[in-house]
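J.: I would like to see how this sequence folds:
(one chain, ligands or ions: 1)
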Amino acid sequence: MKESDTKKEEAGIQKAVELMRKGATMLNEACPECSGPLFQLPESRDIICPQCEKKVLIVSDEAEVQELEKESLLTELDQAICIQIENVMRRLKEEIDADELMTIGRLTILWLEILEKTKRIRS
Ligand SMILES: [Zn+2]
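T.: A predicted model of the protein is given here:
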């Protein structure tokens, strides 16, 4: 083992002790990268690897993986729509043409409906 690895491991152990003191629980699962023990934080329920100093996502089966993928897709969609709403708001402040205003209004309603739907899919 290289010296740098030993140092990293020592730092990891220290971090682990610190986590336990804060009330984190050591899990049976091992880190996919360093195979060190993983810890779950008491409040956020986040699972972290003290050695890699990274958050780790544990997925138990295919369905859960799909669920996470769906979730990230919906988040992306929400973000894209928020950007569009922002753009339209800027136009709305300056627009005086009634037809244009109507289009902006319709678009805004459409986007708000999508936001509402993605929220409903999530719950
Ligand atoms: Zn790790």
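J.: Residue numbers of this protein in contact with the ion?
T.: Residues of the chain lying close to the ion by C-beta under 5 Å from the ion are 31, 33-34, 36, 49, 51-52. Where you see a C-beta, it was placed from the backbone N, CA and C, and this is true even at glycine.
J.: Among those, name the ones in strands.
T.: Cys49 (DSSP state E).
J.: Outline the domain layout of this structure.
T.: 3-55, 62-122 (automatic domain parsing).
J.: Most tightly packed of those?
T.: The highest mean neighbour count among the domains of the chain, using mean count of other C-beta atoms under 10 Å, belongs to domain 3-55: a mean of 14.
J.: tell me the mean pLDDT over that one?
T.: Per-residue pLDDT values over domain 3-55 give a mean of 88.
J.: Can you identify each of the helices in the chain by residue range?
T.: Here the chain has its helices, by DSSP state H, at 3-21, 62-94, 98-122.
J.: Lowest average confidence across these, which one?
T.: Among these, helix 3-21 scores lowest, with a mean of 84.
J.: Just give me how far that helix sits from the chain centre.
T.: Chain-centre distance of helix 3-21: 26 Å, with C-alpha atoms, centre = their mean, to the nearest Å.
J.: Could you list every helix and strand in contact with that helix?
T.: strand 37-40 (3 or more C-beta pairs under 8 Å, 6 or more residues apart in numbering; DSSP states H and E).
J.: helices or strands next to the strand it packs on in the packing?
T.: Judged by 3+ C-beta pairs under 8 Å, 6+ apart, strand 37-40 is in contact with helix 3-21, strand 25-30, strand 47-49.
J.: Sheet-wise, list the partners of it with their directions.
T.: strand 25-30 (antiparallel), strand 47-49 (antiparallel) (DSSP bridges).
J.: Could you dump the ones you listed into JSON lines with distance to Glu69 added?
T.: Below are the strands paired with strand 37-40 laid out as JSON lines (distance: least, C-beta to C-beta, whole Å):
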{"stretch": "strand 25-30", "distance to Glu69": "21"}
{"stretch": "strand 47-49", "distance to Glu69": "19"}
